[in-house]
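Student: What follows is a protein structure lacking sequence information:
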């Protein structure tokens, strides 16, 4: 499978960049991981608070957010 900057695809990479580099999103991600027992539940928690897309147009999805939370 082709990778994009070490991520599954451009969408996962873009969502990961926004979550890791925006202070508000980063704090939301930390809270989501702290409040939930699994990364899947944490990603669903975040999706309720996120807009549909990043400012670059990448859609926030359960798989892209969960992939961004992998390192947390």
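Tutor: In hand now; what should we look at? This one's a predicted model, so the numbers in the text were calculated from it and none came from an experiment. Numbers count the residues shown, from 1 in each chain.
Student: tell me the centre residue of this protein?
Tutor: What sits nearest the mean C-alpha location of the chain, by C-alpha atoms, centre = their mean, is residue 65, with 2.7 Å.
Student: Quick check: phi and psi at it.
Tutor: With angles defined as degrees, to the nearest 10, residue 65 sits at phi -70, psi -40.
Student: Quick one: residues contacting it.
Tutor: The contact partners of residue 65, by C-beta atoms under 8 Å, 6 or more residues apart in numbering, come to 15, 19, 43, 46-47, 50. Just so you know, the C-beta spots here come from the backbone N, C-alpha and C atoms, and that holds for glycine as well.
Student: same check, this time on residue 32
Tutor: Taking C-beta under 8 Å, 6+ apart, we find residue 32 in contact with 42-43, 45-46, 69.
Student: how near is it to residue 26?
Tutor: Distance of residue 32 to residue 26, given as C-beta to C-beta, to the nearest Å: 11 Å.
Student: How about residue 59?
Tutor: Between residue 59 and residue 26 the distance is 19 Å, computed by C-beta to C-beta.
Student: same check, this time on residue 69
Tutor: Computed with C-beta to C-beta, the distance linking residue 69 and residue 26 is 11 Å.
Student: Can you give the distance of stretch 39-54 from its chain's centre?
Tutor: Its chain's average C-alpha position is 7 Å from that of stretch 39-54, according to C-alpha atoms, centre = their mean, to the nearest Å.
Student: picking up where we left off before, and which of the contacts of residue 65 is nearest to residue 9?
Tutor: Comparing the contacts of residue 65 against residue 9 with C-beta to C-beta places residue 15 closest, at 10.2 Å.
Student: Next one, pLDDT for residue 1 please.
Tutor: pLDDT for residue 1: 57.
Student: my bad, should have said residue 53
Tutor: Per-residue pLDDT puts residue 53 at 98.
Student: Now do the closest residue to it other than its chain neighbours against residue 30, distance only.
Tutor: Leaving aside its sequence neighbours, residue 53 sits nearest to residue 59 (C-beta to C-beta, 6 or more residues apart in numbering; 5.2 Å). Taking C-beta to C-beta as the measure, residue 59 falls 22 Å from residue 30.
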